[in-house]
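>>> return atomic coordinates for the entry below.
(one chain, ligands or ions: 1)
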Amino acid sequence: MKQEELISIRRELHQIPETGFEEIKTQNYLKEKIMAMPQNHVTIKEWRTGLLVFVEGYAPEKTMGYRTDIDGLPINEQTTYSFPSMHEGKMHACGHDLHMTIALGILDRFACDQPKQNLLFLFQPAEEGPGGALPMLQSEIFQQWKPDEIYALHIAPEYPVGTIATRPGLLFANTSELFIDLKGMGGHAARPHQANDMVVAASHLVTQLQTIVGRNVDPLDSAVVTIGTIEGGTKQNIIAETARLEGTIRTLSLESMKKIKQRIQALIQGIETSFDCSATIDWGSTYCQVSNEERLTRAFMKFSEEQENVELVECREAMTGEDFGYFLEEIPGTMFWLGVDTPYGLHDARIEPDEAAIETAVSHMTAFFAQE
Ligand SMILES: CC(=O)N[C@@H](CCC[C@H](N)C(=O)O)C(=O)O
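Numbering: from 1, shown residues only. Down below sits the predicted model:
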């Protein structure tokens, strides 16, 4: 595929973002593009709203896996694009439109020119939640085609185009979602003494939750507790009977994750007592850390260092989460950041990644998989 074609694919995908396990149009779009490639040594299988594509090598000694995520986010796009999302309230604000395009670009090169090794391309749904990697990994079809090593990338707004950043060992954090429901007694806004106000209880809880990282976690063991949404009440002159907080926990160690969850439980018990209300916690989906296997990551870094059009950076670990970690728990491999040079971060409604990074990644990974 030529660069113009890749860019037009990225723009078409950008217009049809769908959230986790609802990626129907995306799946059809990808299937259509893959079916248009030479099929001689390519086999496509659907898995839920994702796809697995096996490319048979001409003298295989192993199978190398490459995974892209395919879901979008519930965000109202605010880019300056002439090709914005056509799905209201949804946006590819985490680069999965670029990730998919890159995967299609690499796949196309090997569909046209048979590789030596077998290749397995994974178009995985629901990375942003509830998590498609673990069930895809456990699927019969994945186990049948299971690769010996596996790779994936994620766009990185902060690096210039041409940068590949990674490190052996821990790259991304352990994550757990967090959903808290508070229930008290609503009432008339003018009669607070006859009600238990869940807006006040939720406000206290939010500030208490912010003390956990500062006061309960070892400062040398990074952690994050973020409340992303807070919702409660029905009208300005009614005391709220319910409130809901939604957030996420990030830790570099499993011990800190356990401790933070214990502290959240304790703080919530305190809120129940002090505001005479009831509370429930749902931990949502959890992702294990992304840990890059030492030997393969060093080999990938050495290869990257030797490429003229790429600048390799050995980066620090990040508090981002990624369910690709589940693949790396079972199969050795590497995840890396790909520079896309934009002032806006991941999950920002204004993010406009530089599309030149698509060709960088396609040629880099094609050359990497084509090594004899
Ligand atoms: C790369 C990236 O941004 N990944 C997401 C993963 C979401 C995990 C889960 N749904 C959660 O919110 O805890 C991220 O937010 O880091």
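>>> so where do the helices sit in the stretch 151-300 of the chain?
198-216, 254-275, 294-306 (DSSP state H, counting those that start in this stretch).
>>> and the one helix or strand Thr360 maps to, what other elements does it pack with?
Taking DSSP states H and E as the criterion, Thr360 maps to helix 356-369. Counting by 3 or more CB pairs under 8 Å, 6 or more residues apart in numbering; DSSP states H and E, the packing neighbours recorded for helix 356-369 are helix 3-14, strand 63-69, helix 96-112, strand 149-156, helix 294-306, strand 333-339. Where you see a C-beta, it was placed from the backbone N, CA and C, and this is true even at glycine.
>>> dump those to CSV, plus mean pLDDT.
Shown next, in CSV, are the helices and strands packed on helix 356-369 (pLDDT from 0 to 100):
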stretch, mean pLDDT
helix 3-14, 97
strand 63-69, 98
helix 96-112, 98
strand 149-156, 98
helix 294-306, 98
strand 333-339, 98
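>>> bridging residues for the residue nearest to His96 when sequence neighbours are not counted?
Nearest non-adjacent residue to His96, counting by CB to CB, 6 or more residues apart in numbering: Asp69, 4.9 Å away. Asp69 has these beta-bridge partners by DSSP bridges: Gln124.
>>> you'd agree Asp69 is up against Leu122?
No: using CB atoms under 8 Å, Asp69 makes no contact with Leu122, being 9.1 Å away.
>>> if we can go back for a sec, who wins for proximity to the ligand among the helices of the stretch 151-300 of the chain?
Taking CB to the nearest ligand atom, helix 254-275 is the member of the helices of the stretch 151-300 of the chain nearest to the ligand, at 11.2 Å.
>>> angle of that closest one against helix 198-216?
Counting by axes from the mean of the first three to the mean of the last three CA atoms, to 10 degrees, helix 254-275 points 140 degrees away from the direction of helix 198-216.
>>> list the helices and strands helix 254-275 packs on?
strand 174-183, helix 198-216, strand 223-232, strand 242-251, strand 278-282.
>>> elements contacting the first one?
What it means is strand 174-183. helix 198-216, strand 223-232, strand 242-251, helix 254-275, strand 278-282, strand 286-287.
>>> okay if I get these as CSV plus distance to the ligand and mean pLDDT?
Below are the helices and strands packed on strand 174-183 laid out as CSV (distance: least, CB to the nearest ligand atom, whole Å; pLDDT from 0 to 100):
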stretch, distance to the ligand, mean pLDDT
helix 198-216, 15, 98
strand 223-232, 8, 98
strand 242-251, 4, 98
helix 254-275, 11, 97
strand 278-282, 12, 98
strand 286-287, 6, 96
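>>> as CSV, these with distance to Gln15 and mean neighbour count would be great.
Shown next, in CSV, are the helices and strands packed on strand 174-183 (distance: least, CB to CB, whole Å; neighbours: other CB atoms under 10 Å):
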stretch, distance to Gln15, mean neighbour count
helix 198-216, 36, 17
strand 223-232, 25, 16
strand 242-251, 27, 21
helix 254-275, 37, 16
strand 278-282, 33, 14
strand 286-287, 28, 20
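>>> in CSV: these, plus distance to Ala367.
Formatted as CSV, the helices and strands packed on strand 174-183 follow (distance: least, CB to CB, whole Å):
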stretch, distance to Ala367
helix 198-216, 42
strand 223-232, 36
strand 242-251, 34
helix 254-275, 37
strand 278-282, 45
strand 286-287, 30
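>>> so what's Leu171 up against?
289-292, 317-318, 335 (CB atoms under 8 Å, 6 or more residues apart in numbering).
>>> which of those residues lies closest to Gly232?
Lowest distance from Gly232 to those (CB to CB) belongs to Ala318, with 31.8 Å.
>>> can you count the residues close to the closest one?
19 (other CB atoms under 10 Å).
>>> give me the nearest residue to it, chain neighbours excluded.
Nearest to Ala318 is Phe172, by CB to CB, 6+ apart, at 5.8 Å.
>>> distance of the one you found relative to Arg250?
Noted for Phe172: a distance of 9 Å to Arg250, by CB to CB, to the nearest Å.
>>> overlap in contacts, those two.
319-321.
>>> which of these are buried? Put it as a PyMOL command.
In PyMOL syntax, the buried subset of the shared contacts of Phe172 and Arg250 is picked out as below (16 or more other CB atoms under 10 Å):
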select buried, resi 319+320+321
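>>> near the ligand, which of the shared contacts of Phe172 and Arg250 show up?
Applying CB under 6 Å from any ligand atom, the subset of those adjacent to the ligand comprises 320-321.
>>> ok so, going back, report the buried members of the contacts of Leu171.
Buried, going by 16+ other CB under 10 Å: 289-292, 317-318, 335, out of the contacts of Leu171.
>>> follow-up on the earlier one: now do the contacts for the residue nearest to His96.
Residues in contact with Asp69, defined by CB under 8 Å, 6+ apart, are 96, 99, 124-125, 127-128, 132, 324.
>>> JSON lines for these, including neighbour count?
Below are the contacts of Asp69 laid out as JSON lines (neighbours: other CB atoms under 10 Å):
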{"residue": "His96", "neighbour count": "25"}
{"residue": "His99", "neighbour count": "27"}
{"residue": "Gln124", "neighbour count": "31"}
{"residue": "Pro125", "neighbour count": "27"}
{"residue": "Glu127", "neighbour count": "25"}
{"residue": "Glu128", "neighbour count": "22"}
{"residue": "Gly132", "neighbour count": "28"}
{"residue": "Phe324", "neighbour count": "28"}
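>>> closest one of those residues to Ile351?
Comparing the contacts of Asp69 against Ile351 with CB to CB places His96 closest, at 11.7 Å.
>>> of the contacts of Leu171, which belong to strands?
290-292, 335 (DSSP state E).
>>> can you list the helices and strands packed on helix 254-275 in a markdown table and add distance to Ile271?
Output for those, formatted as a markdown table (distance: least, CB to CB, whole Å):
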| stretch | distance to Ile271 |
| --- | --- |
| strand 174-183 | 7 |
| helix 198-216 | 5 |
| strand 223-232 | 13 |
| strand 242-251 | 10 |
| strand 278-282 | 6 |
